[in-house]
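Generate a structure from the sequence data that follows.
(chains A, B and C)
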Amino acid sequence: MSDTSDTASTGTTADEIESAPRRDFLLISTTTLGLAGVGMAAWPFIYSINPAKDVLALSSTEVDLSAIEEGQAITVMWRGKPVFIRHRTEDDIASAASVDLSELRDPETDKERVKKPKWLIAIGICTHLGCIPSGQKLGDKKGDFGGWFCPCHGSHYDTSGRIRKGPAPFNLPVPEHAFTDETSILIG
Amino acid sequence: MHPRKLVIASAFASSLIAAGLVSGNAIAAGGSDPLPHNKWSFDGIFGSFDKPQLQRGAQVYLEVCSSCHSLEMVYYRNLMDIGFDKETVKEIASEYEAKDGPDDEGEMFLRQARLSDRFVSPFDNENAARSANGGSFPPDFSVITKARKGGADYIYGLMIGYLEDAPEGFELSDGTHYNKYFPGHQIFMSAPLYDEAVEYEDGTEPTLDQHAKDVSAFLAWAASPELEERKRLGIKVILYLLVLTAMLYALKRRIWSRIYLDEYTNDSYLGEFEQDINDVKNNVKRPN
Amino acid sequence: MKRIQTNNRILMWIDERLPIFSYAEENLASYPTPKNLNYWWNYGSLAGIVLAIMIVTGIFLAMNYQPHADVAFQSVERIVRDVNYGWLLRNLHSNGASMFFIVVYIHMFRGLYFGSYKAPRELLWMVGITIYVLMMATAFMGYVLPWGQMSFWGATVITNLFTAIPVIGEYIVIWVWGGFSVDAPTINRFFVWHYLLPMILFMVVVIHLWALHVNKSSNPLGIEVKSSADMIPFHPFYTIKDMYGLGIFMIVYMYFVFFAPDFFGEPDNYIPANPMVTPPHIVPEWYFLPFYAILRAIPDKLGGVAAMGMAIVILYVLPWLDTSKVRVATYRPIYKQLFWIFVVNIILLGWLGQKPAEGTYLIMSRLSTAYYFIFFLILPLVGKFEKTKQLPVSIFEEVAKKHRAKEDK
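Got it, this is the predicted structure:
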């Protein structure tokens, strides 16, 4: 024995009779086909732990906004995540609109982020490492820019949910949403 | 019931029933006629559902069966799988009220059902169902064709198996009906389907037989919605295995053809084997 | 152990510190195997592969299954309907259980026919029986998990077997249930055991293989290996033969998975568990039926349970009951007949297990049960008085003879 475990096959085939090439072809093609089958069989297992159909079907939430006073905010669940809905004041809107894009880490205008200026809808998960920023309740710390402040590692978001200071790389994402009428939205 | 009695009861229930001792009435104790055999489109390894038929069956279920029988494990969105378009399904769902909540005041409330809701059950729970149905419980239909011997044939048989009058000498209990295919023949449910019970939109003739077939097919789908995907994948898998196994067989023959060659046993393995065999013979523990 | 030599320095570095490659080479590749193993020897490795499939599918099913009495049934339906490929995982697992038992039963009958349990392989056989017992426990608890009518009543009836134990039986069954009937605590703990036991089973399989590799495989002639001419390396000869057998097996297995997934199941298990109603006709899964028939054949409660237990215990002492010096039934005319009657008898017991225990069936069950035990108990006598046939001289010669006969054709 002078080699690895494969020798048992290759060692004997080497000094084998004329038919060796044919066997090699057969061996290679069979092995390939077999391994391909095992690989394909792994797919259902890997895929099975993706979100199931019932989870995907629950992908929209309807929210009634009429009860939210100006300056107030609510948090709703959507796909198991908190979504911040803030009824912005005139000051909030003005400060969000007045920012120079070059100052921003993740440049986006306020217009791109809202459907109606009065309403900011954003997923309330810090883009740094997934904590929930504070700033929803009246007494909460809202950070240096009047939006949200993440208590975990100190990221500051402005009134448009954009990252302004701290370690987070991106703005709070805006979920797909649409106004079904003046005071209600459908998220998702 | 006392656990020990339970054992005895359950262990011997089968024998008692088969012996017809339960009620002292041999016919009432489980007999039924052999089921009619239908040719279903979903039979066999190439079988698939007949979507227009499933849609008709869904209509029969919704207009007739659903007033007593729930379909708890099916969602309204599943109806899109049998060829209804999204708007139609939304419309169907909106005719039902699903329980939701609690709302901000902590109350449960009813709202229009959505695609992501399960089929709304006609009764809140089993007790409500029993009290509304004279003590008998209309079973849930989600897996009914898997839960009955005969599957879709059983549902079909049950639908067409009602007789106006019980055969001579058969005594029906109060409130029951005679059905050829129901185990014991006495069924609480009165014949649910009849000619023109439902008006089909696609112009199919609304006979009892047609209704029965359609609703049976629909329930077979409700029980195994994965059937088409399963059979399609199955054919590919079996074909793959046939090819692979044939190749493995060829390889096996090739490799084993060498076993008879004398030179084989004299090759490089010889020393190794001798050592092994001696070890076994002499009971030697070889140091690692 | 011989160490491998290779130019790959990484492999050598690892192997010098942890000789996994040398170990694999010795036990999988150059592992000396008798030349003449027939296809009945395929079922050992096949059983190992089925176990692997069961463990993997089980792990992925467990990610979506909920072991709670209120939602277990629905969660299984959710797996089939909503989880991606959940139907496939479930069908692989539920049919895999039946396949596992088919394979293991053939493997056991092979051992019985070819005397594989005889010295020096007694422990190998006993470890194997332990695997079988663990399998039965695991399968039983797995069958409870979908929480259908058969699950519930199967659990009720089988756990009630404990009440046959005098004095403490009542307490044991309550302890097993975690309540006063099969209920939420029961399904929860059964799920844990169903997940845990296969891990233990897997370790026992390793011990089984360890014991096998000490004395190596027995063979269809039942004679000792005499020279290197009797042996071939495991790889490539038996690796390819096992793979080919696996291919055939998978075709059968996949047929059930894709085209008849409920073939081995009972319709009643698609009715959610109802503690108020026992189904009119309860039967255990097919692989328990012979033992179920033995249980019911004895008219006494404790007696029935004891007989069923003995039917398994007696397998452990088989190596000492069979005193014949000849291993294989082929050379034992009387044992051979007894063996085949035993096989037919087991199948008969299985058939009787699903028939009502009364009338002719009961009498047949009793006769069948009697034969089950007689078979084992008369083995010492058979060993003493049986006139065995002349054994062949060597494996090599037999193989060569067969080959010459083939060539002459």
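
Enumerate every residue touching residue 145.
Just so you know, I chose chain A. Taking C-beta atoms under 8 Å, 6 or more residues apart in numbering or on different chains, we find A:Phe145 in contact with A:Ser95, A:His156, A:Tyr157, A:Asp158, A:Thr159, A:Arg164, A:Lys165. Using the backbone N, CA and C atoms, a C-beta is placed for each residue, glycine as well.

wrong one, chain B
Residues near B:Thr145 by C-beta under 8 Å, 6+ apart: B:Gly151, B:Ala152, B:Tyr154, B:Ile155, B:Ser216, B:Leu219, B:Ala220, B:Ala222, B:Ala223, B:Ser224.

Do you know the pLDDT at the fourth one?
Going back to what we said before, that points to B:Ile155. At B:Ile155, the pLDDT value in this model is 96.

what about it, is that helix, strand or coil?
helix (DSSP: H, G, I helix; E, B strand; the rest coil).

what about the nearest residue to it once chain neighbours are set aside, how many residues close to it?
In space, and not counting its chain neighbours, B:Ile155 is closest to B:Ser216: 4.1 Å by C-beta to C-beta, 6 or more residues apart in numbering or on different chains. Neighbours of B:Ser216 under the rule other C-beta atoms under 10 Å in any protein chain shown: 27.

try C:Asn95
C:Asn95: 22 neighbours (other C-beta under 10 Å).

quick one, helices of the chain?
I'll assume chain A. A:7-14, A:20-48, A:53-57, A:90-97, A:110-113 (DSSP state H).

Please refer instead to chain B.
So, for chain B - with DSSP H - the helices run B:3-19, B:51-63, B:86-94, B:126-132, B:144-147, B:152-160, B:208-223, B:227-256, B:262-265, B:270-282.

what does the stretch 1-150 of chain C give?
Using DSSP state H, counting those that start in this stretch, the helices of the stretch 1-150 of chain C run over C:9-17, C:20-24, C:43-62, C:72-81, C:86-113, C:122-144, C:149-159.

Find the closest residue to chain C in the stretch 101-250 of chain B.
Minimum separation of the stretch 101-250 of chain B from chain C (C-beta to the nearest C-beta) falls at B:Gly234, amounting to 2.6 Å.

which residues touch that residue?
So, once contact is read as C-beta under 8 Å, 6+ apart, B:Gly234 ends up touching B:Ile45, C:Met254, C:Tyr255, C:Val257, C:Phe258, C:Phe259.

Tabulate these (TSV), appending secondary structure.
Output for these, formatted as TSV (three-state DSSP):
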residue	secondary structure
B:Ile45	coil
C:Met254	helix
C:Tyr255	helix
C:Val257	helix
C:Phe258	helix
C:Phe259	helix
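
rewinding a little: in a markdown table, list the helices of chain A along with mean neighbour count and mean pLDDT.
As requested, those are arranged in a markdown table below (neighbours: other C-beta atoms under 10 Å in any protein chain shown; pLDDT from 0 to 100):
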| stretch | mean neighbour count | mean pLDDT |
| --- | --- | --- |
| helix A:7-14 | 18 | 40 |
| helix A:20-48 | 14 | 87 |
| helix A:53-57 | 15 | 86 |
| helix A:90-97 | 16 | 88 |
| helix A:110-113 | 15 | 88 |
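
could you dump the ones you listed to TSV with distance to chain B?
Formatted as TSV, these follow (distance: least, C-beta to the nearest C-beta, whole Å):
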stretch	distance to chain B
helix A:7-14	7
helix A:20-48	4
helix A:53-57	4
helix A:90-97	25
helix A:110-113	28
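
Distance to C:Leu46 added to these, as JSON lines?
Listed next are the helices of chain A as JSON lines, based on distance: least, C-beta to C-beta, whole Å:
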{"stretch": "helix A:7-14", "distance to C:Leu46": "22"}
{"stretch": "helix A:20-48", "distance to C:Leu46": "16"}
{"stretch": "helix A:53-57", "distance to C:Leu46": "35"}
{"stretch": "helix A:90-97", "distance to C:Leu46": "67"}
{"stretch": "helix A:110-113", "distance to C:Leu46": "60"}
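
Indicate which one of those is closest to C:Ala297.
Closest to C:Ala297 of the helices of chain A, according to C-beta to C-beta: helix A:20-48, at 43.4 Å.

relative to helix C:86-113, how tilted is that closest one?
Helix A:20-48 and helix C:86-113 are oriented at 130 degrees to each other (axes from the mean of the first three to the mean of the last three C-alpha atoms, to 10 degrees).

just checking, what packs against helix A:20-48?
Applying 3 or more C-beta pairs under 8 Å, 6 or more residues apart in numbering or on different chains; DSSP states H and E, one finds that helix A:20-48 contacts helix A:7-14, helix B:227-256, helix C:43-62, helix C:86-113.

could you give the angle of that helix to helix C:43-62?
30 degrees.

what about helix A:20-48, distance to the chain center?
A distance of 35 Å separates the centroid of the chain from that of helix A:20-48, by C-alpha atoms, centre = their mean, to the nearest Å.

Tell me who's in contact with the residue nearest to B:Ile155.
By C-beta under 8 Å, 6+ apart, the contact set of B:Ser216 is B:Asn38, B:Trp40, B:Gly57, B:Thr145, B:Ala152, B:Asp153, B:Ile155, B:Tyr156, B:Met159.

before we move on, the earlier item: with respect to burial, which of the helices and strands packed on helix A:20-48 scores highest?
Neighbour counts (mean count of other C-beta atoms under 10 Å in any protein chain shown) averaged over each of the helices and strands packed on helix A:20-48 peak at helix C:86-113, with a mean of 21.

How about that helix and chain B, any contact?
Yes: residues of helix C:86-113 are located near chain B by C-beta under 8 Å from any C-beta of the partner chain, namely C:Trp87, C:Leu88, C:Asn91.

quick check: mean pLDDT across that helix?
Mean per-residue pLDDT for helix C:86-113: 97.

How far off centre is that helix?
8 Å.

now stretch C:244-251
Relative to its chain's centre, stretch C:244-251 lies at 18 Å (C-alpha atoms, centre = their mean).

mind listing the strands for the stretch 301-409 of chain C?
With DSSP state E, counting those that start in this stretch as the criterion, the stretch 301-409 of chain C has no strands.

What parts of it come near chain A?
Nowhere does the stretch 301-409 of chain C come near chain A, counting by C-beta under 8 Å from any C-beta.
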